[in-house]
Structures are given as C-alpha cells and as structure tokens.
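Asker: based on what follows, work out the 3D shape:
(chains A and B)
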Amino acid sequence: MPIMGLLKREKPDPSAPLGLVHSAIATETDSALVEAVRAGDVGAAGRLYDRHVSSVQGIVYRLLGQKAELDDIVQEVFIYALPSLEKLRDPAALKGWLLGIAVGKVRSHLRSRWRKRWLSFMPNEELPEPTTAADDHQADIVHAVGGILDRLPTEERIALVVHRIQGMSLLDAANVCGMSVSTFKRRLASGESRFVVHAKKESALAGWHESRSA
Amino acid sequence: MTPDEQDRLFRGCAAAFSHAPPAPPGASTRLKVLEAYARSRSRPWASVFSAWSAAAASALLVTGAVLAGFWLWQPGQTSFKVAGREGDVGAWLATGPGTALALDFSEGTRISLGAGTRGRVSQVSRQGARIEFERGTVSARVVPRADGQWSFGAGPFDVSVLGTNLEVSWSPEAGQFSLSVSKGSVRVRGPFIQSPQLVQAGQVCRVDLSRQRMQLGPTAAASALAANEQVPAPALAPSADAALAPSADAASELRPPEASEAPELGARPAESWRALVQAGRHPEAVLAAERAGLLSIYRAASAEDLLELSGAARLSGRPDVERAALLACRERHAAQPAAARAAYLLGRASAGAEAAKWFELYLREQPRGLLSREASGRLIESYQRAGNRSAALKAASSYLAAHPDGPHAALARQVLATRSRN
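Answerer: Predicted coordinates:
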C-alpha cells in the first residue's frame, strides 16, 4: 500500500524530536509565546496554557478557596485571554496580565454570588468542597481563612489575598488589582483589620497562633 | 494583636494555602480552552459581538429588581430531580456503599450514580447537561435528540454522548477508567487516547493509567481482553503511523457510521466537512471528516482538500489528523506545488531535526517558492533547536545572502555572531 510505504520512509526518530520539543519549550520566552499565539499558532496557545495554568489556578484558589467553580474560572481566564493577547502591550508582562484577568474574573464571580444571595433572600448554603490538604490541621486553617474572607467586602478580600496570602509586592498587587498603590494600601489596611477581628474568634487560627508563639 | 503577631498570622495562613494546593485542572479544561481559542480565531467578529453583549448585560443589570427575577429564571432549561426532589446544579452528590441514586431529567434522560460515587451535575442547558464525577460509576440512559448535548467528566476523561445507554467508571486511586456502551455511540477523550475515540454499542474502552495502556474491545470479551490482548497506548508524540495505519479497532472508528446508527445520531443531515471548513467551524469539520472516514479522504481527496483538512486539524488541536493529511498530500500529489507546501507545513508542525528536514525538502522543491523566505528562516530556528550548530550557521549564511532584510535576518546575524565570538 503506497501510504504505508510513505509512512515507513517518513517515520521520525522517536527519541530525538520529543527531547528537542521539551528543550525548545523550556527555553521559549513569554514574549515568543505571545508572538506565536498572535500569529495563530494553536500549539503555542497550548504551551502558554501549560506554563501559566498553575499560577492562575493558584491565585484563584487563594481568592476563592476550594470551590466547585475553581476550574470553571481558570477556564474562563484563558478563554478570555488567548484571543485578547493583542491587547497586551508588553508581552514580557504576560504572567501579571493573566493574574490581573484572574482577579477580574474572581471579582465578577464574588459580586455575582453576592447578588444571587441577596436576590434569593437565602443564606449561602454551599456544601464545603473536599480539600486536598495534606493534613487536617492545614485544612482547618484554609477552611477558617476562607470563612473569614467570605465575610469581607470583595475589594478588601482581594487586596488582602493577593498581598498577604499570594505574597505579591504592594506594587505588583496593586497592578494586578487595577488600582493605584495608595488605594490598594487603604483597602489592604481595612481588610487586615477586619480579618484580624474575625481571626481572633476562629479556634483553628487561635490554635495555630498559640502553637507558634509557644 | 501586635504587628509581629499579625505578620505571623498571615504567614501561617499563606503557608496553609501553599501546603494544600488544589488538584490541577483536568485535560478536559485544557481542551475546552484550546477549542474555544480555535473557534475565536475563525470568528474575529466574536470579540466585538461579546463587547456588545457585555454592554447589553450591564444595561440589563441596572434595570433592577424587575429584571433580576428574569435574570434568575431560565426558561426551557433542562431540570432534574434527585430522589424526587428538585436537584441543584453544581451541588455535590454522594452515594454510600451499597446504595445508588437516580437523577431524572425533565426531557426523560435518567442518570444513575452507583455505590460509592461522588459527583455533580455541573451544567445544564436546553440541549442537555454535563455530569462530572470524582470517583465511582455512573450509568446513563440518554434520550436521543438531534441537538442533544450530554457529556460526562470522569477525572481527566471526557465523554461526549451522541444518544446512548452507557456506563462510565473512574477510580482515581487505581488510575483506571472504563466506558461501556450498550446503545448508540460516544466519543471519549483523555490520557492515552490520542484523539477523540468513538466507542460504539457493544464496545468497552478501558484505560489503565498506571500501565499506560488503552484497550477497546467488545463488551462481552472485555475481561478476556484485559488479561490477554492489551494494546500499547499510542505514543505521546503523534506519529504518522498512528494516524494513517490504525489498528483494527481504530480503523472501525474511521468507518462511516452504520446505517442503523443514524436514528441515534438524530435526523439532522450530516454537513460536509468541506462546508464546515469554509464556515470556519474547524473542530466540527474534523469530526465530520472522521464520520465520513479519514482513510477514504486521505486516499481520494484532492491536494487542496487535504491541505484544507490539515489546516482545520491544526486549528482544532488535532496534530494527528493534520500530519496524516499532509503526508497523504505528499504521497498522492507528489508532482504538484501543493506537495511542496505540505512539506513546509509538515516542517511547521514538527520540531528540531525533523522540522529542518521538511524545510530543506521544501527549499529543494521550491527554491523560489512563495514560502522560501519563511522556510529558510525557520530552517535556522530548527537547526538551532536541534543543537546542530554547523547546519544552523550554514542556514544563517544562506538566509542573509538571499534575504538580508528578512524577518529572520536578526536571528541569522545572532547565530553568525556566536561563531565570531567562539
């Protein structure tokens, strides 16, 4: 069969190309990835997703907790971002840009959740999601922090998480949140005060605090 | 609380989050993102449309309580009941040992969660619903509809239903997936399944992640197959063999559907894959080509059709079909300029040394072709990535001689400069 004959001739060395692909992926800069996606390279879109999905998921997780919507929001971030790369002025700033989109999506989600709760005149009775925590104590802390964050105003919650939990610098955090550093600092200070008030009532956090202090 | 205590508190909170990261998004999330991206590329006006949609949505919101009621009410949505009570989309459901739970949908479909299953109805629409589960067994009796859209997510596996009775099992601990179809057909995607695999009535598809194996066989003989006839999973890097010389099972996937299957798929006439390509509906075009029979297309289609199909496959994230169509174009239309173009596209779809081989071939066949400048530039990149320094230097010299102001001129000079420094 002619096609089979062709296949034998063209069959690549199974080891070489795979290693080369991996090495090329490892050295590909964010700028090169952005340019390739802008040029219509679907493969580059996949590589961009693979490189940044854990960062995006990380910030969404910290902002929202282990909620059922976590993967949906991560998906929304990339579905919005990939066709919008033309709007990215500095391709080297890709990661910060993606995290900014993630913050925006979470902000919309939190506001929408609040509206739905208000309109339905019902308490939020979401079932707690299963956690992948390695031990119960850490899971308790995550659960307690999530509970306190749910009681904070959306903007204060976001400011607190991106700086205190995600660990971004004030400047980067303000950029990702799309606000000036001074506004960001005000929201952060307010969020921290509220958080501390609630944290004092949380046994999981009190226990953690005592154990570290002892 | 002192500032130091406050710092310790937040550091502890941050550490707890880092200590318990969520499981990474599944393969189905990645696939949906890339499919949406491919669709958006074929509809550049979509972003403008979505901007208008966003403006309209904002206007709706400010109208307040009157429209809020409408906003929450979604007429015509599929609804479902769990043990006789209205079910909630997104709410997790779990069954204990020895118990089962039935979900009855408003249009007649029944989904059953077997013992020890944890899952949820994650989406509903007018056409159907999506059911996701973390572990256990889900069986379904889906009422066939021409526009039905039912799907199941089982860990990293994704099953799209075409109107069927089926049973899906997923054990994350053992890394074992099983899909058994008793009526109709489904498509399944996931690890060690190189492309959406069609599973028809009477077939069972099993994937064992720990042994990196996938098997497809008749339901009755499934247990025998598990013991004796395991088929190695396709290589992760798609090879031409996988696309053009499938196993007997995969060949059955490439056959047109049996006539008796038509009612299950709905009465909607099949659209030609060419028409779908022209309409920019690339993922659908590739699926239509699969339904029509990829092997027969590879053996009979014109050179231009094969290039069109490869383009649609590329935009749909289907490198296996892209590559096979291009190889078929070169094999069957060797004397035509399209064959040289196929060589260029094969280079673009490959990496390193293999890509260089295709670009060299294009330049031999079309030294002054439309794509010769681009092929010469990509040749430099390919040799660089392959670590072939001498070939990269030679390609860079040739490029600068022919295209001193070309888009790869800077790269060529950079490559030549490394020689000067060394």
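Asker: so A:V162 is in contact with A:I59, correct?
Answerer: Yes. Contact criterion CB atoms under 8 Å: A:V162 and A:I59 qualify, at 7.0 Å. Every C-beta, even on glycine, is put in place using the N, C-alpha and C of the backbone.
Asker: neighbour count for the two, which is higher?
Answerer: A:V162 (28 against 24; other CB atoms under 10 Å in any protein chain shown).
Asker: contacting residues around that one?
Answerer: For A:V162, the contact set (CB atoms under 8 Å, 6 or more residues apart in numbering or on different chains) comprises A:I59, A:R62, A:L63, A:V103, A:M168, A:A173, A:V176, A:C177.
Asker: do that again at 6 Å, thanks
Answerer: For A:V162, the contact set (CB atoms under 6 Å, 6 or more residues apart in numbering or on different chains) comprises A:M168, A:A173, A:V176.
Asker: apart from its chain neighbours, what residue comes closest to it?
Answerer: Once flanking residues are discounted, A:V162 sits nearest to A:A173: 4.3 Å by CB to CB, 6 or more residues apart in numbering or on different chains.
Asker: helix/strand/coil for B:A174?
Answerer: Assigned state for B:A174: coil (three-state reduction, DSSP: H, G, I helix; E, B strand; the rest coil).
Asker: please apply the same query to the one 4 residues further on.
Answerer: At B:S178 the chain is in strand, as set by three-state DSSP.
Asker: do you know how far it is from B:A15?
Answerer: Noted for B:S178: a distance of 39 Å to B:A15, by CB to CB, to the nearest Å.
Asker: so these two - more neighbours on which side?
Answerer: With neighbours defined as other CB under 10 Å, B:S178 and B:A15 compare such that B:S178 has more, 20 against 14.
Asker: shouldn't the more buried one be in contact with B:S169?
Answerer: Yes. The pair formed by B:S178 and B:S169 meets the contact definition of CB atoms under 6 Å, at 4.4 Å.
Asker: quick one: name the residues of chain B near chain A.
Answerer: With CB under 6 Å from any CB of the partner chain as the criterion, chain B meets chain A at residues B:1, B:8, B:10, B:12-14, B:16-17, B:19-20, B:22-23, B:25, B:29-30, B:32-34, B:36-38, B:40, B:68, B:90, B:92, B:237, B:240-241, B:244-245, B:315, B:317, B:331, B:351-354, B:385-386.
Asker: quick one: buried ones out of those?
Answerer: For the residues of chain B next to chain A, a burial check counting by 16 or more other CB atoms under 10 Å in any protein chain shown picks out B:8, B:10, B:12-14, B:16-17, B:19-20, B:22, B:25, B:29-30, B:32-34, B:36-38, B:40, B:68, B:90, B:92, B:240-241, B:244-245, B:315, B:317, B:331, B:351-354, B:385-386.
Asker: so which helix or strand takes in B:V204?
Answerer: strand B:203-208 (DSSP states H and E).
Asker: partners of that strand, with directions?
Answerer: Applying DSSP bridges, strand B:203-208 is found paired with strand B:176-190 (antiparallel), strand B:213-218 (antiparallel).
Asker: run through the stretch 251-400 of chain B and note the low-pLDDT ranges.
Answerer: Residues of the stretch 251-400 of chain B meeting the criterion pLDDT under 70: B:251-271.
Asker: now do the helices in it.
Answerer: For the stretch 251-400 of chain B, the helices defined by DSSP state H, counting those that start in this stretch cover B:262-265, B:273-278, B:282-292, B:294-300, B:303-315, B:319-332, B:337-349, B:352-365, B:372-386, B:389-402.
Asker: A:A32 and chain B: what is the separation?
Answerer: 10 Å (CB to the nearest CB, to the nearest Å).
Asker: so that residue belongs to a helix, correct?
Answerer: Yes. Per three-state DSSP, A:A32 lies within a helix segment.
Asker: that one and A:A174, how far apart?
Answerer: Noted for A:A32: a distance of 28 Å to A:A174, by CB to CB.
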